[in-house]
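*Asks:* What follows is a predicted structure for the sequence shown.
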Amino acid sequence: MKRIIYLLIMMLPLSGFSQFDKMLDVLDDVDTEMSEGKLVLRFFNAENGEIVDGAQVNIEGLGDFSSDLQGRVLIDIPEDGRYAFTFSKKGFIKANYQFEVTAGTIFYNRFSVCPVLDFGSLRVVLEWARKPKDLDAHLVKEGGYHISYQNLHVSSDGLARLDRDDRDGFGPETITVKNVDERAVYTYFIKNYTDKDSPRSRNLSNSKAIVRVYGNNELMHTWQITPDQRGTSWKVFTISNGRIQAENQVNNIY
């Protein structure tokens, strides 16, 4: 298996080191599972995409672990099911996450964790699977600004910023807002830029996309896209009167 995956990687065109590194991550994880009988969790900084080492990870029913210099936690293969865990590291928001083990493999093993935020700030983090390669996060403040890779990267008042754009799969793609205006209306949505000309595509809804919202130095909300829907946009949530309201709609409106 390891040799087959390695040969497939070597046959792929290299569009950049980041894509190649991610493919090597996949190879490394498979190698670890096969040679050591382990499963792998990987941790990344949601603000800049860098690996997070030295984090403490307590997995319910499995014990305490620490992420290594590659940002990995290696665990013995448990029974199939969902496993909750707590992530903590100085300088990062302590939060609870979960992963799913199916047929001895982890359904999704990457977690982008959030550095501590200033008071009143909100950070929205998008993650997804390897395909589609390019999902874009958008945050629109009505009558104000539109933050995305195609629009403003930083609002004119400096209060909203696209921290990180990702165009080769996985993410994270991250937007941070300082001092949310309680009198304003915000809309956060995702566009499948890869399949922008294919409105009947199901690739966005089958991307395993997850959006997490951090504020008050805690993980406030988590949304996972509903699979097998047609459309190239995912309206995730709105903010009105300072309150976050779930939308979770896949369509072609945006």
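*Replies:* Happy to help now that I have it.

*Asks:* Please name every helix or strand in contact with whichever strand or helix holds residue 238.
*Replies:* Assigned by DSSP states H and E, residue 238 belongs to strand 233-240. Counting contacts by 3 or more CB pairs under 8 Å, 6 or more residues apart in numbering; DSSP states H and E, strand 233-240 packs against strand 185-192, strand 210-215, strand 218-224, strand 243-251. C-betas here are computed from N, CA, C, even on glycine.

*Asks:* Can you tell me the strand partners of the first one and which way each runs?
*Replies:* Paired strands of strand 185-192, with direction, are strand 135-141 (antiparallel), strand 233-240 (antiparallel) (DSSP bridges).

*Asks:* Equivalent analysis for the third one, please.
*Replies:* If you go by DSSP bridges, strand 218-224 pairs up with strand 210-215 (antiparallel).

*Asks:* relative to strand 243-251, how tilted is the partner strand?
*Replies:* Strand 210-215 and strand 243-251 are oriented at 170 degrees to each other (axes from the mean of the first three to the mean of the last three CA atoms, to 10 degrees).

*Asks:* From the rest of the structure, what touches strand 210-215?
*Replies:* Here strand 210-215 makes contact (CB atoms under 8 Å, 6 or more residues apart in numbering) with 46, 93, 95, 108, 112, 114, 117, 121-128, 188, 190, 219-225, 236-237, 244.

*Asks:* got it, and stretch 97-109?
*Replies:* With CB under 8 Å, 6+ apart, stretch 97-109 has contacts from 29, 33, 39-42, 77-87, 111, 129, 208, 210, 219.

*Asks:* List the beta-bridge partners for residue 140.
*Replies:* Here residue 140, judged by DSSP bridges, has bridge partners residue 146, residue 187.

*Asks:* Quick one, grab the pLDDT at it.
*Replies:* pLDDT, residue 140: 97.

*Asks:* ok, back up a step: buried among the contacts of stretch 97-109? Make that a ChimeraX selection.
*Replies:* Those of the contacts of stretch 97-109 that count as buried under 16 or more other CB atoms under 10 Å are selected in ChimeraX with:
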select :29,33,39,40,41,42,83,85,87,111,129,210,219
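
*Asks:* Pretty sure residue 76 sits against residue 40.
*Replies:* No. Assessed by CB atoms under 8 Å, residue 76 is found out of contact with residue 40, at 11.6 Å.

*Asks:* What's the end-to-end length of stretch 63-73?
*Replies:* Start-to-end span of stretch 63-73 (CA to CA, to the nearest Å) is 12 Å.

*Asks:* domains of the protein?
*Replies:* As assigned by automatic domain parsing, the chain contains the domains 2-112, 117-251.
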